[in-house]
Structures are given as structure tokens and as C-alpha cells.
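Trainee: Need coordinates for the following:
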Amino acid sequence: MNAYSNQYQNNQVMTASPEQILIMLYDGAIRFVRQAKFAIEDNRAGDKAIAISKAVAIITEFSNTLDYEVGGEIALDLGNLYDFMIRELSAVNARSEIERLMPVENILLDLREGFSGAAQINQSGTQTGIKSESTVGQVAVSF
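Mentor: Next comes the predicted model:
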């Protein structure tokens, strides 16, 4: 990446809301899972390992920042999903079983969609002066 691209990305992150950062992290994890898939197809073991490592790092951070007291059952369910994805990615890293990437990608896409929808609801509530009790901001507190 060139210096301008790095500066643009830094500005994006520095000016983003917590909800937007969460969506960016999901986008990154999805991108890395897809990169791992392409690396396996092209028999590029090194690139596969790097992509999987980056996806695992993001998902691990999601898991590590869950607040089970605030999030309750939702946090527990998310923790279980994150653990499943980490196990699957580790298996793919060891054995290049590309078919195990699809469930991980699908879960990440579903979670991204859910958090994105909650962020939009939160944003529209903020603009109208009404805040919903079930906003992504509260869910993001568990991250």
C-alpha cells in the first residue's frame, strides 16, 4: 500500500464510530477468509496461512472482548460461534480443507449483516432523538 492509501485508512478508522469499526473488522475477517480460499485454490500455502492468521486474530479479538455479564445469552452464543470459526480456520490451516471455509464465511456475513442493521437502527434513532434499547451500541459494549 502506498502512503496515501495508509493515510486514508487511518483517517477512516480514526473518524469511525464503534459500530462502523465493528463492521470494518467483519469486512476484514470476511476478506481474509476469501483470500485463504483463493490461496488454497492456487496452492499458495504461505498466503493461506497469512490470511487465516489474520482472520483468526480478528475473530479472537471479538471473542476476547465479549462481556458475558452485559451480553448474557447473546454473548454466550456469539462466543460459541467465534470458537467454532476459530476451530474451523485452524483445521483449514492444517489440512487445506477448503469446504470448511464456507460455513465460516457465511457466519461472518450473517453477523456483519445483523450488526450493520442494528447500527442503521441506532443511527436513525440518534437522528430522530429516539434511542432503541436493542441497539448495536449496547451489543458492541460486549466487544
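Trainee: rest of the way, CA atoms for contacts and neighbours
Mentor: Will do.
Trainee: Can you tell me, leaving aside adjacent residues, what's nearest to the residue sitting nearest the centre point of the chain?
Mentor: By C-alpha atoms, centre = their mean, the chain has its centre lying nearest to residue 26, at 2.6 Å. Nearest residue to residue 26, sequence neighbours excluded (C-alpha to C-alpha, 6 or more residues apart in numbering): residue 112, at 5.9 Å.
Trainee: One more: residue 83?
Mentor: residue 63 (7.7 Å).
Trainee: Near the one you found, how many other residues are there?
Mentor: Neighbour count for residue 63, taken as other C-alpha atoms under 10 Å: 21.
Trainee: Next: residue 46.
Mentor: The burial count for residue 46: 12, using other C-alpha under 10 Å.
Trainee: go on, residue 3?
Mentor: 8.
Trainee: OK, contacts around it?
Mentor: Contacts of residue 3 were listed using C-alpha atoms under 8 Å, 6 or more residues apart in numbering, and none were found.
Trainee: where does this protein dip in pLDDT?
Mentor: Low-confidence segments of the chain (pLDDT under 70): 1, 4-13, 125-143.
Trainee: re the thing from before, which ones are touching the residue nearest to residue 83?
Mentor: Applying C-alpha under 8 Å, 6+ apart, the residues contacting residue 63 are 78-79, 82-83, 143.
Trainee: can you rerun that using 10 Å?
Mentor: For residue 63, the contact set (C-alpha atoms under 10 Å, 6 or more residues apart in numbering) comprises 57, 75-76, 78-83, 86, 142-143.
Trainee: No further questions, thank you.
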